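Have a look; sequence and predicted model below, questions after that.
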Amino acid sequence: AQSVSQHNHHVILSEAASLELGCNYSYGGTVNLFWYVQYPGQHLQLLLKYFSGDPLVKGIKGFEAEFIKSKFSFNLRKPSVQWSDTAEYFCAVTPNQAGTALIFGKGTTLSVSS
Amino acid sequence: NAGVTQTPKFRVLKTGQSMTLLCAQDMNHEYMYWYRQDPGMGLRLIHYSVGEGTTAKGEVPDGYNVSRLKKQNFLLGLESAAPSQTSVYFCASSYIQGNSPLHFGNGTRLTVT
């Protein structure tokens, strides 16, 4: 079964700092990769996704992620964070085959101080 | 569009009581999921369904049952609630598996005393 590991449990940054959140997965086959964001008191929303093609994908609000197949990684980045980026971030993976479901990492809490 | 609607939003149960959480989606999605969210544990998949009349176990299925009698509804049942089932439960749906993003409901906060 696939699994997802997020390296950082809690990240604290000042506004304008750069962000990189690590995500590694374990699955030998083709996968689909996602980052979701959960703002305080809200449900999860899709930030970006990777299915195939260019391994550098851009999402909403200036976020991007790079898929490195050899490292089984899908790290999330943002050049300059804002206070409004304070949220919990989840990496998720699903094998590219029918009948399977999305598995999430444990999440990383990002706190941005103004 | 309502999207994914979960009822109830909050519930308090005593140990041993039963209840059913209802999830309804109006997007004609084939796939539906139930997750639970606990601090430090992320979202863990309880059960999911790949279509009407089908269900499958996820990562943490014990103590829960599900049914998908109609395509738009996915019910999560707790037959005998335990304090360990205190959590926030999220329902989600997707059009097809794999490369379709999930659409989440607003969650149900369940407390079992």
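Right, received. Where do you want to start?

Look up phi and psi at residue 72.
Just going to use chain A. Note on A:F72: its backbone torsions stand at phi 50, psi 40 [degrees, to the nearest 10].

For it, give me its contacts.
Applying Cβ atoms under 8 Å, 6 or more residues apart in numbering or on different chains, we find A:F72 in contact with A:N24, A:Y25, A:S26, A:Y27. Yep, even glycine has a C-beta here, placed from its N, CA and C like the rest.

try it again with 6 Å
A:F72 is in contact with A:N24, A:Y25, counting by Cβ atoms under 6 Å, 6 or more residues apart in numbering or on different chains.

That one and A:L19, how far apart?
Relative to A:L19, A:F72 is positioned 21 Å away (Cβ to Cβ, to the nearest Å).

swap in B:A92?
Note on B:A92: its distance to A:L19, by Cβ to Cβ, is 26 Å.

How about B:T5, nearest residue that isn't a chain neighbour?
Of all residues beyond its chain neighbours, the one nearest B:T5 is B:A24 (4.9 Å), with distances taken as Cβ to Cβ, 6 or more residues apart in numbering or on different chains.

Okay, and the beta partners of that neighbour?
Note on B:A24: beta-bridge partners by DSSP bridges are B:T5, B:N73.

circling back to that earlier point, which of B:A92 and A:L19 has more residues huddled nearby?
Applying other Cβ atoms under 10 Å in any protein chain shown to B:A92 and A:L19 shows that B:A92 carries more neighbours, namely 27 against 20.

Figure out the helix or strand that the more buried one lives in.
Secondary structure from DSSP states H and E places B:A92 in strand B:87-94.

picking that back up, quick one: neighbours of the residue nearest to B:T5, just the number.
Around B:A24 there are 19 other residues, counting by other Cβ under 10 Å.

Check for me that B:G51 belongs to a helix.
No - counting by DSSP: H, G, I helix; E, B strand; the rest coil, B:G51 is not part of a helix but coil.

Which pLDDT value belongs to it?
On pLDDT, B:G51 comes in at 92.
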